[in-house]
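[1] this one's structure only:
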Ligand SMILES: Nc1nc2c(c(=O)[nH]1)N(C=O)[C@@H](CNc1ccc(C(=O)N[C@@H](CCC(=O)O)C(=O)O)cc1)CN2
Ligand SMILES: Nc1nc2c(ncn2[C@@H]2O[C@H](COP(=O)(O)OP(=O)(O)OP(=O)(O)O)[C@@H](O)[C@H]2O)c(=O)[nH]1
Ligand SMILES: [Mg+2]
């Protein structure tokens, strides 16, 4: 084995805080503990000690924990120091450790070592970043599952099934003159079809993952002056956009992020839709339409005192009960019209953006629409990473080709070689590969200290 460096990094963000965590990982750990604290390292015991620097000064009285080789996060000897959260103190300790032969860790290096030591598969290592970066409860839940190995397990079980089919076919390769008799093609062909179906549904979870990560795109639309901007302000709880009695106030779309229950939403206010009177208005409306077309959820705002609007045809065609909520605004004004016939299949929610009434009902209806209208996988694996989706799609198309070849009665070894390529492609997900450049690309996205 080549000797490895002992790496160090702060594991917490820099800045004043109650505590900071510094991690040290590598073979120097036992002797460092002896030298710094004057005590033999006792693995997995939380200890209080005085950090004595190389020049004999006490830097801090702090808590430290030693994890022994093979039983740590990284898999190597590991020391965690919890000094007071003073950035200057952290710097002093890091400098002292550098002087003792450690070096600063690169981004993701602790997790990279965990992967190389077999503590995590690659999909789990990637999940560490997802857990740190998740911006909603649902996103965190999906990342946590991936970190616990859900993606790895699902992919492994697909690979196991694929290996069984490959073995069935390879039994024939030893008898090259013999064609695969039709009755023996049936088993592998069926197994391949069901694998393709299962891979497709796994790939489909990616759509959900991007909603989790980027947020559900929710577009507020409607005629001018109905209160779209007032609604955005009410939902964000800020005076984010200009509201005025003059129709055509909003000229360009405005985006804000809000949470509704466990979901993250990108909520977008658009220019009112009507017959444009100027080219500037036309451009505004054009931009509204672009936003509307790419939305996951539409909030159509009506003015309760006005007749139902006539929206442009392309917009009307998009509306359905799964992606649309009709928001009937200005119900604080007396002279309400009966608007129940407008988009009658979609839920209608009466509100007053100005008086801030009905907003909790609206949040509840939005939440329900998201739960019913979006395919939200319950337990199992969610594919969050584009890299995983790509590898799966590649494997899936190889399986489809091999099924075709099987049907055409081509030799078993041709079919089997496609299957091997598919297995290799799936191996990229869990990291059963030997490719430095992929590893570099992956781990560079981590923050230092992870
Ligand atoms: N103080 C501290 N808190 C932390 C972490 C850490 O590294 N340090 N983690 C870092 O992300 C997360 C927890 N993940 C961890 C995963 C494995 C091991 C570990 O020591 N594994 C050993 C022993 C397993 C056992 O005893 O059950 C191993 O796998 O061999 C530690 C933390 C979140 N909280
Ligand atoms: N009475 C009452 N007035 C409201 C309500 N919501 C908005 N308004 C008023 O309606 C007018 C238009 O509001 P905006 O939020 O600017 O409407 P908009 O749909 O964004 O308008 P454009 O950007 O021009 O398309 C303003 O004078 C608001 O004060 C409400 O719930 N009740
Ligand atoms: Mg507006």
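    Yep, that arrived. Computed from a prediction, not measured in an experiment: that's the story for all the values here. Ligands and ions are numbered 1, 2, ... in the order given.

[2] So if we follow the domain assignment, how does the chain break up?
    Taking the TED database as the domain assignment, the ranges for the chain are 7-120, 128-209+385-431, 215-374.

[3] Which one, of those, ends up nearest to residue 449?
    Across the domains of the chain, the minimum distance to residue 449, taken as Cβ to Cβ, is reached by domain 7-120, at 3.8 Å. From N, CA and C alone the C-beta is placed, and that goes for glycine too.

[4] what's the span of that closest one from first residue to last?
    Terminal residues of domain 7-120 are spaced 19 Å apart (Cα to Cα, to the nearest Å).

[5] So what's the gap between it and the chain middle?
    For domain 7-120, the distance between its averaged C-alpha position and the chain's averaged C-alpha position is 30 Å (Cα atoms, centre = their mean, to the nearest Å).

[6] Quick check: residue 15 touching residue 88?
    No: counting by Cβ atoms under 8 Å, residue 88 is not a contact partner of residue 15; they are 11.2 Å apart.

[7] For those two, indicate the residue with more neighbours.
    Each of residue 15 and residue 88 has its neighbours counted (other Cβ atoms under 10 Å); residue 15 has more, 10 against 7.

[8] Quick check: the gap between the spatially closest residue to the more buried one that is not a sequence neighbour and ligand 1.
    Across the structure, with Cβ to Cβ, 6 or more residues apart in numbering as the measure, the residue nearest residue 15 apart from its sequence neighbours is residue 87 (6.2 Å). Distance of residue 87 to ligand 1, given as Cβ to the nearest ligand atom, to the nearest Å: 19 Å.

[9] Show me the strands in the stretch 1-150 of the chain, by range?
    Along the stretch 1-150 of the chain, counting by DSSP state E, counting those that start in this stretch, strands occupy 7-10, 17-19, 22-25, 47-52, 58-67, 78-82, 84-85, 103-104.

[10] Which one, of these, ends up nearest to ligand 2?
    Nearest of the strands of the stretch 1-150 of the chain to ligand 2, taken as Cβ to the nearest ligand atom: strand 17-19 at 41.4 Å.

[11] about what we covered before: could I get the domains of the chain as CSV with mean pLDDT?
    Supplementary listing: these in CSV, determined by pLDDT from 0 to 100:
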stretch, mean pLDDT
domain 7-120, 97
domain 128-209+385-431, 86
domain 215-374, 91
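
[12] For ligand 2, which of those domains is the nearest?
    Taking Cβ to the nearest ligand atom as the measure, the domains of the chain were each checked against ligand 2, and domain 215-374 came out nearest at 2.8 Å.

[13] when you scan that closest one, is anything in it near ligand 2?
    Yes: looking at domain 215-374 against ligand 2 by Cβ under 6 Å from any ligand atom, the contacts come from 224-230, 243-245, 247-250, 271-272, 329-330, 332-333, 352-354.

[14] Can you name every helix or strand that the helix ranked longest in the chain contacts?
    If each helix of the chain is counted by residues according to DSSP state H, the longest one is helix 182-214. Under the contact criterion of 3 or more Cβ pairs under 8 Å, 6 or more residues apart in numbering; DSSP states H and E, the helices and strands touching helix 182-214 comprise helix 137-147, helix 150-173, helix 386-407.

[15] Helices along this structure, start to end?
    For the chain, the helices defined by DSSP H cover 29-37, 87-99, 109-116, 122-133, 137-147, 150-173, 182-214, 228-236, 279-293, 313-318, 359-373, 386-407, 412-430, 436-443.

[16] looking at the ones you listed, which is closest to residue 48?
    Between residue 48 and these, the shortest gap by Cβ to Cβ is with helix 29-37, which sits at 9.6 Å.

[17] Show me what stretch 121-129 is in contact with.
    108, 111-112, 114-115, 120, 143-144, 146-149, 151-152, 155, 384-385, 387-388, 428-431, 442-443, 445-446, 450 (Cβ atoms under 8 Å, 6 or more residues apart in numbering).

[18] Just the buried residues of those.
    Neighbour-count burial (16 or more other Cβ atoms under 10 Å) is assigned, among those, to 108, 111-112, 114-115, 120, 143, 146-147, 149, 151-152, 155, 384-385, 387-388, 428-431, 442-443, 446, 450.

[19] tell me which parts of this protein are close to ligand 3?
    Residues of the chain lying close to ligand 3 by Cβ under 5 Å from the ion are 228-229, 249-250.

[20] can we see that at 8 Å?
    Remark: the part of the chain in contact with ligand 3 comprises 224-225, 228-230, 232, 241-243, 249-250, 269-272, using Cβ under 8 Å from the ion.

[21] Filter those residues down to the buried ones.
    Judged by neighbour count, with 16+ other Cβ under 10 Å as the criterion, the buried members of the residues of the chain next to ligand 3 are 224-225, 228-230, 232, 241, 243, 249-250, 269-272.

[22] For the stretch 201-350 of the chain, give the residue positioned nearest to ligand 1.
    For the stretch 201-350 of the chain, Cβ to the nearest ligand atom, closest residue to ligand 1: residue 213, 20.1 Å.

[23] In space, what's closest to that residue - neighbours in sequence excluded?
    For residue 213, ignoring the flanking residues on the chain, the nearest one in space by Cβ to Cβ, 6+ apart is residue 139 at 6.0 Å.

[24] Residue 264 is in contact with the one you found, correct?
    Yes: at 6.8 Å, residue 139 counts as touching residue 264 under the criterion of Cβ under 8 Å.

[25] Give me the more crowded residue out of the two.
    residue 139 (24 against 20).

[26] sorry, back to before: could you tell me how far the residue nearest to residue 213 is located from residue 87?
    Using Cβ to Cβ, to the nearest Å, residue 139 is found at 30 Å from residue 87.

[27] any common contacting residues for residue 139 and residue 264?
    Counting by Cβ under 8 Å, 6+ apart, the residues touching both residue 139 and residue 264 are residue 212.

[28] number of nearby residues for the residue of the stretch 201-350 of the chain closest to ligand 1?
    18.

[29] what's near enough to touch it?
    Residue 213 is in contact with 130, 134-135, 139, 384, counting by Cβ under 8 Å, 6+ apart.

[30] Ok, residue 71 next?
    43-44.

[31] And for residue 220?
    Counting by Cβ under 8 Å, 6+ apart, the residues that residue 220 touches are 228, 231-232, 267-270, 299, 301.

[32] go with 6 Å
    Residues in contact with residue 220 (Cβ atoms under 6 Å, 6 or more residues apart in numbering) are 228, 231, 269, 299.

[33] nearest spatial neighbour of the third one, skipping sequence neighbours?
    Put plainly, it is residue 269. The spatial neighbour of residue 269 that comes closest, neighbours along the chain excluded (Cβ to Cβ, 6+ apart), is residue 232 at 4.2 Å.
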